[in-house]
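In: Here is a sequence with its predicted model. Questions after.
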Amino acid sequence: MAALHAYASKAGGLGGTWVPLTEGASLETCEALIGDWLAGWRNQQSFHGPALVIVAAGHTQLIGQVGFAGRGDNAVELVYGVAPDRRGRGYASRAARLAARWLLAEGLAGQVELRIGRDNIESQRVAAAAGFRPAGRVVSQVAATGERYDDLRFVMPQA
């Protein structure tokens with residue numbers, strides 16, 4: 001929690017919305033987010049669902065996260081993010097690949113997908129590096145606002 005709070009407290013530490021917090025988030029808010037992720041793992045009510053944290057090999061400091069969202073029909077969407085000061089080192093692509101392969105190998109999902117904005121070229125590169133393949137587009141609607149948006153859809157092929 002302290003590492004997450006340190007990123008939230010640092011100017012630009014949450015740049016690119018790599019974790020669902022706003023800059024300046026309190027320690028209590030960071031604790032609540034982690035509690036929400038843990039509730040997802042316990043199959044309890046959770047807004048964000050379960051998540052795994054990304055750390056560099058041999059270290060314990062949080063540098064990113066991979067979240068999971070059920071999409072029906074045995075499909076799971078991955079969401080991921082890496083702290084701005086750790087980007088460009090392959091963490092997101094390795095984490096997405098490992099999480100997707102784990103879900104598929106354990107039979108926890110029949111299909112793993114990413115939904116990426118058309119303008120998000122960096123995430124499209126992450127998807128390709130992780131082994132995901134383009135699979136069309138998805139039109140989504142934000143329930144609270146009614147806003148609609150198109151995302152590119154990528155899927156991890158079965159091994």
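Out: Structure's in. What do you need? Computed from a predicted model, the values in this text were never measured in an experiment.

In: Show the contacting residues for Ile63.
Out: Ile54, Val55, Ala56, Val82, Ala83, Arg86, Tyr91 (CB atoms under 8 Å, 6 or more residues apart in numbering). C-beta: built from backbone N, CA, C; applies to glycine.

In: in the chain, which spans are helices?
Out: In the chain, the segments counted as helices under DSSP state H are 2-9, 27-41, 91-105, 121-130.

In: Can you tell me how far Thr29 is from Thr22?
Out: 8 Å (CB to CB, to the nearest Å).

In: for Val79, that is, sorry about that
Out: Counting by CB to CB - Val79 and Thr22 are separated by 17 Å.

In: that older thread, closest to Thr60 out of the helices of the chain?
Out: Within the helices of the chain, the stretch nearest Thr60 is helix 2-9; the backing value is 8.3 Å (CB to CB).

In: before we move on, back to that, can you flag the buried ones in the contacts of Ile63?
Out: Buried members of the contacts of Ile63, scored by 16 or more other CB atoms under 10 Å, are Ile54, Val82, Ala83, Arg86, Tyr91.

In: Pick the one among these closest to Gly107.
Out: Using CB to CB, these come closest to Gly107 at Ile54, 23.8 Å.

In: ok, that closest one touching Tyr91?
Out: Yes - Ile54 is within contact range of Tyr91, at 5.4 Å (criterion: CB atoms under 8 Å).

In: got any residues that touch both of the two?
Out: By CB under 8 Å, 6+ apart, the residues touching both Ile54 and Tyr91 are Ile63, Gly64, Val82.

In: Quick check: nearest residue in space to the last one, chain neighbours excluded?
Out: Think Val82. Gly64 (3.8 Å; CB to CB, 6 or more residues apart in numbering).

In: cool, Pro157 as well?
Out: For Pro157, ignoring the flanking residues on the chain, the nearest one in space by CB to CB, 6+ apart is Arg133 at 6.1 Å.

In: So in terms of bridging, what pairs with the one you found?
Out: Here Arg133 shows beta-bridge partners Val155, assigned using DSSP bridges.

In: any idea how far it is from Leu114?
Out: Per CB to CB, Arg133 is found 10 Å from Leu114.

In: Nice, that's everything, thank you.
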